[in-house]
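>>> Structure for the following, please:
(one chain, ligands or ions: 2)
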Amino acid sequence: MFDALSDRLEGIFTRLRGRGRLSGDDVDEALREIRLALLQADVNLLVVRDIVSRLRADLIGSDLSHSLTPGQQVVRAVHDELVRVLGGTALKITYASRPPTVVLLAGLQGAGKTTDAAKLARWFKQQGRNPMLVGADLQRPAAVEQLRVLGAQVRVPVFSEPSDPVAVAKSGLSEAARVGRDVVIVDTAGRLTVDAEMMEQVRQISEAVQPHYTFLVIDAMTGQDAVATAEAFHKTLALDGVILNKVDGDARGGAALSVKEVVGRPIAFASTGEKLEDFELFHPDRMAGRILGMGDVLTLIDRAEQAVEREDAEQAMAKLAEGRFGLDDFLAQLQSVKKMGPLSGLIGMLPMVPKELKNAQIDDSAMKPVEAIIHSMTPEERANPAIINGSRRSRIAAGSGTSVQQVNELLERFKQAQAFMRQVPGLAGMARRGSAKSVAKASGKRPAGKRKKRR
Ligand SMILES: Nc1nc2c(ncn2[C@@H]2O[C@H](COP(=O)(O)OP(=O)(O)OP(=O)(O)O)[C@@H](O)[C@H]2O)c(=O)[nH]1
Ligand SMILES: [Mg+2]
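Ligands and ions are numbered 1, 2, ... in the order given. Purely as a prediction, here's the structure:
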């Protein structure tokens with residue numbers, strides 16, 4: 001998401017970087033370009049107008065801070081404004097004092113409600129809760145079965161019965177109380193468009209279960225239509241937030257940047273793929289940093305922590321950063337790195353990584369022959385790949401069931417990766433200190449105010 005917008009903003013900032021001070025004309029020109037960039041990202045027209053006028057007030061009205069260069073000043077103003085339109089702070093769930101805490105999901109057909117129900121259940125489990133899923137979509141014959149399959153995958157019980165949606169939702173609550181489940185997630189039926197019948201049904205369910213949280217699932221790929229849908233639902237349901245789905249397929253990001261301002265409700269979670277782990281709490285400040293190319297270091301570190309012990313991750317990063325990363329380390333880390341998610345996704349999160357590399361497809365399945373090849377090397381060869389001559393290459397290829405060409409390719413790629421990693425500014429600092437602040441410093445950018453408050 002936000003690729004085009006990131007590129008354009010980066011261009012604007014680069015042009016400002018050399019300036020000693022900003023004239024009124026400079027500000028005007030930068031704002032004009034920012035406006036264009038936002039419009040091209042499919043951000044709602046009124047929202048664009050607000051953003052630009054607030055930026056103007058911020059840049060012209062306030063005294064120029066002496067500690068910042070003009071370029072930095074604009075970056076910070078844009079960052080703060082992005083954080084604001086993305087919703088300010090991340091959602092913090094308040095659990096019901098008398099469980100269960102009830103979460104109701106609504107949305108159009110195919111938006112991703114049922115998958116999100118399971119993803120949320122998984123998320124609540126990670127928060128130490130005992131969720132239960134309730135299938136109140138009796139519209140589509142296979143809907144409940146789909147929820148049961150997903151529920152089994154995340155090991156969360158699914159309740160449903162062949163009555164009517166309101167009755168199912170209600171019995172779901174008593175069932176949860178009976179078996180001691182403290183969070184209930186209710187999946188509902190979707191319709192092709194916002195229609196009166198669907199609204200009435202979901203309103204009745206809402207009235208019956210009195211949800212603590214009502215989330216609307218919207219499809220980011222539908223852009224401003226998704227925002228209009230959210231407005232319509234909010235009139236009937238009093239939403240607590242939206243779950244932004246299919247972020248992986250949305251190159252522009254218009255819905256994400258408009259929904260809070262238009263509907264008045266923030267993005268609570270974002271879903272970035274079909275797999276159940278492609279789901280995270282939405283952090284406006286991290287997303288703003290990602291848009292500005294500061295790299296989403298906090299998310300990266302969170303994910304690393306989830307997947308591997310923090311120390312392991314930091315060690316791996318330190319080795320990568322310092323170019324001390326031999327083939328042996330590569331192999332040892334392969335498994336844990338794999339757990340951190342698709343590699344291409346991770347690289348995009350690193351700060352200041354050149355675009356060519358961000359877009360490079362690093363395929364996890366390509367890892368299999370790599371593993372085989374490294375397994376066929378002697379420890380000496382792994383530590384010091386430079387000694388791998390022609391005859392050693394033939395032996396390794398034969399031993400791993402690959403070709404000499406594949407061995408050559410791996411060695412070449414490994415060499416390039418090592419060289420590249422040495423050039424990534426901030427990587428070493430991040431690994432050593434594990435803080436976003438140090439990365440911002442190392443990469444020549446000032447950590448923005450909001451970000452500083454975290455941790
Ligand atoms: N690429 C991508 N696909 C997604 C994402 N979320 C859901 N999907 C896919 O979208 C399709 C529809 O998802 P469902 O969860 O069944 O949608 P729904 O809102 O429950 O649909 P109805 O019950 O028919 O109203 C499925 O094939 C999902 O795998 C996402 O974040 N990214
Ligand atoms: Mg569904």
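
>>> State the phi and psi torsions of the closest residue to ligand 1 within the stretch 201-350 of the chain.
Going by CB to the nearest ligand atom, ligand 1 is nearest to residue 271 of the stretch 201-350 of the chain, at 3.5 Å. C-betas here are computed from N, CA, C, even on glycine. Backbone torsions of residue 271, given as degrees, to the nearest 10, read phi -110, psi 130.

>>> what residues does this structure put near ligand 1?
When proximity is defined by CB under 6 Å from any ligand atom, the chain lies next to ligand 1 at 107, 109-115, 137, 140, 143, 190, 217, 245-246, 248-249, 271-274.

>>> quick one: which of those residues sit in strands?
107, 217, 245, 271 (DSSP state E).

>>> Nearest spatial neighbour of the last one, chain-adjacent residues omitted?
Spelled out, it's residue 271. Once flanking residues are discounted, residue 271 sits nearest to residue 245: 4.5 Å by CB to CB, 6 or more residues apart in numbering.

>>> I figured the residue of the stretch 201-350 of the chain closest to ligand 1 hits residue 244, correct?
Yes: the pair residue 271 / residue 244 is scored as a contact, 7.0 Å apart, by CB atoms under 8 Å.

>>> low pLDDT regions in the stretch 201-350 of the chain?
Applying pLDDT under 70 to the stretch 201-350 of the chain flags the ranges 293-325, 329-350.

>>> what about the residue in the stretch 101-250 of the chain that ligand 1 sits nearest to, distance to residue 169?
Taking CB to the nearest ligand atom, ligand 1 has its nearest neighbour within the stretch 101-250 of the chain at residue 190, 2.6 Å off. Distance, residue 190 to residue 169, by CB to CB, to the nearest Å: 15 Å.

>>> Neighbour count: the two, which is higher?
Neighbour comparison, residue 190 and residue 169: the larger count goes to residue 169, with 28 against 22 (by other CB atoms under 10 Å).

>>> Buried residues, the helix or strand hosting the more buried one. List them.
Assessed by DSSP states H and E, residue 169 sits inside helix 165-179. Judged by neighbour count using 16 or more other CB atoms under 10 Å, the buried positions of helix 165-179 are 165, 166, 168, 169, 170, 171, 172, 173, 175, 176.

>>> Just the CA atoms of the helix or strand that contains residue 290, as CSV, please.
Secondary structure from DSSP H and E places residue 290 in helix 284-291. Output of helix 284-291 as CSV, limited to C-alpha atoms (Å, rounded to 0.1, in the frame of the first residue of the first chain):
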residue,chain,number,x,y,z
PRO,A,284,-1.2,5.1,12.7
ASP,A,285,2.3,6.3,13.7
ARG,A,286,4.0,3.2,12.3
MET,A,287,1.9,3.4,9.1
ALA,A,288,2.8,7.1,8.7
GLY,A,289,6.5,6.2,9.1
ARG,A,290,6.1,3.5,6.5
ILE,A,291,4.5,5.9,4.0
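
>>> Which elements pack onto it?
The helices and strands touching helix 284-291, judged by 3 or more CB pairs under 8 Å, 6 or more residues apart in numbering; DSSP states H and E, are helix 3-17, helix 70-85, helix 297-307, helix 449-453.
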